[in-house]
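S.K.: need a structure here:
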Amino acid sequence: MEKQLVLSDEQLVKSFVAGNCGSIDVLIERHKAKIFSYIMMCVKQQELAEDIFQEAFIRVIRTLKNGRYSDNGKFSSWVMRIAHNLIIDYYRKQKNQSVISNDNYEYDLFNSAQFSDVSIEDKMVTEQVLGEVGKLVELLPDNQREVVVMRHYRDLSFKEIAEETNVSINTALGRMRYALMNLRKLAEERNISLTFS
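M.R.: Okay, the predicted model is just below:
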């Protein structure tokens with residue numbers, strides 16, 4: 001297990017495909033905080049986020065076992081796309097069944113032993129900052145929020161963001177710049193400190 005921790009994502013994928021089941025555990029552990037927080041930010045319901053997270057990795061395992069994963073060096077982005085698609089599928093089903101509730105529930109994103117490799121104090125500060133950032137991101141205009149989510153939660157390049165949103169790279173960069181300026185302004189207006197120290 002110790003040796004696996006220093007392997008790259010792609011090396012772990014190859015190891016898992018070759019039959020080393022422990023490799024997938026390392027990959028999940030490595031990326032769960034980022035992927036789960038993205039899902040949670042989108043769905044705002046703890047149980048639903050956990051279900052989508054679990055389904056995302058079930059699909060990852062199934063795809064890897066069937067040999068359908070192409071080695072493109074972006075494992076975390078690939079998993080993030082799977083999670084994103086599952087979220088879209090969920091909301092499509094909800095839209096067909098009933099009205100989607102967009103209530104803003106207060107959940108502690110990382111209130112789980114699985115995320116506690118740091119001290120309790122550091123963890124609390126990190127949770128508070130991430131919670132505040134998440135709330136501020138929600139206040140951004142749609143096109144700015146979209147770029148922030150794609151860049152920082154889905155790990156997409158600005159070229160990929162431009163292609164997915166049908167705008168030029170300069171427009172995507174501009175939206176990010178304005179998003180960051182607005183986040184700073186919102187933080188100042190609310191007297192929120194966005195530092196981990």
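
S.K.: Only C-alpha atoms from now on, for both contacts and neighbour counts.
M.R.: Noted.

S.K.: Show me how this structure divides into domains.
M.R.: Domain segmentation of the chain under automatic domain parsing yields 1-109, 118-197.

S.K.: next one: the shortest one to chain centre, how far?
M.R.: Meaning domain 118-197. Domain 118-197 has its C-alpha centroid displaced from the chain centroid by 12 Å (Cα atoms, centre = their mean, to the nearest Å).

S.K.: before we move on, the earlier item: mind putting the domains of the chain into JSON lines with mean neighbour count and mean pLDDT?
M.R.: Formatted as JSON lines, these follow (neighbours: other Cα atoms under 10 Å; pLDDT from 0 to 100):
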{"stretch": "domain 1-109", "mean neighbour count": "15", "mean pLDDT": "81"}
{"stretch": "domain 118-197", "mean neighbour count": "16", "mean pLDDT": "79"}
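
S.K.: got the contact list for Tyr56?
M.R.: Just so we're on the same page, residue 56 is Ala rather than Tyr. Counting by Cα atoms under 8 Å, 6 or more residues apart in numbering, Ala56 makes contact with Val79, Ile82, Ala83, Leu86.

S.K.: Could you identify the helix or strand that succeeds the strand or helix carrying it?
M.R.: Secondary structure from DSSP states H and E places Ala56 in helix 46-65. Going down the chain from helix 46-65, the next helix or strand is helix 75-97, by DSSP H and E.

S.K.: Packing partners of that following helix?
M.R.: helix 22-43, helix 46-65 (3 or more Cα pairs under 8 Å, 6 or more residues apart in numbering; DSSP states H and E).

S.K.: same thing but 10 Å
M.R.: helix 9-17, helix 22-43, helix 46-65, helix 142-152 (3 or more Cα pairs under 10 Å, 6 or more residues apart in numbering; DSSP states H and E).

S.K.: ok, back up a step: as CSV, could you dump the C-alpha coordinates of the helix holding Ala56?
M.R.: Extracted in CSV, the C-alpha atoms of helix 46-65 (Å, rounded to 0.1, in the frame of the first residue of the first chain):
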residue,chain,number,x,y,z
GLN,A,46,-25.7,14.8,2.0
GLU,A,47,-27.3,11.5,1.3
LEU,A,48,-27.9,12.3,-2.4
ALA,A,49,-24.2,13.4,-2.7
GLU,A,50,-23.0,10.2,-1.1
ASP,A,51,-25.2,8.1,-3.5
ILE,A,52,-23.9,10.0,-6.6
PHE,A,53,-20.3,9.7,-5.3
GLN,A,54,-20.7,6.0,-4.9
GLU,A,55,-22.4,5.5,-8.3
ALA,A,56,-19.6,7.6,-9.9
PHE,A,57,-16.9,5.2,-8.6
ILE,A,58,-19.0,2.1,-9.5
ARG,A,59,-19.0,3.4,-13.1
VAL,A,60,-15.3,4.1,-12.9
ILE,A,61,-14.6,0.5,-11.7
ARG,A,62,-17.0,-1.0,-14.3
THR,A,63,-15.4,1.1,-17.1
LEU,A,64,-11.8,0.2,-16.0
LYS,A,65,-12.7,-3.5,-15.8
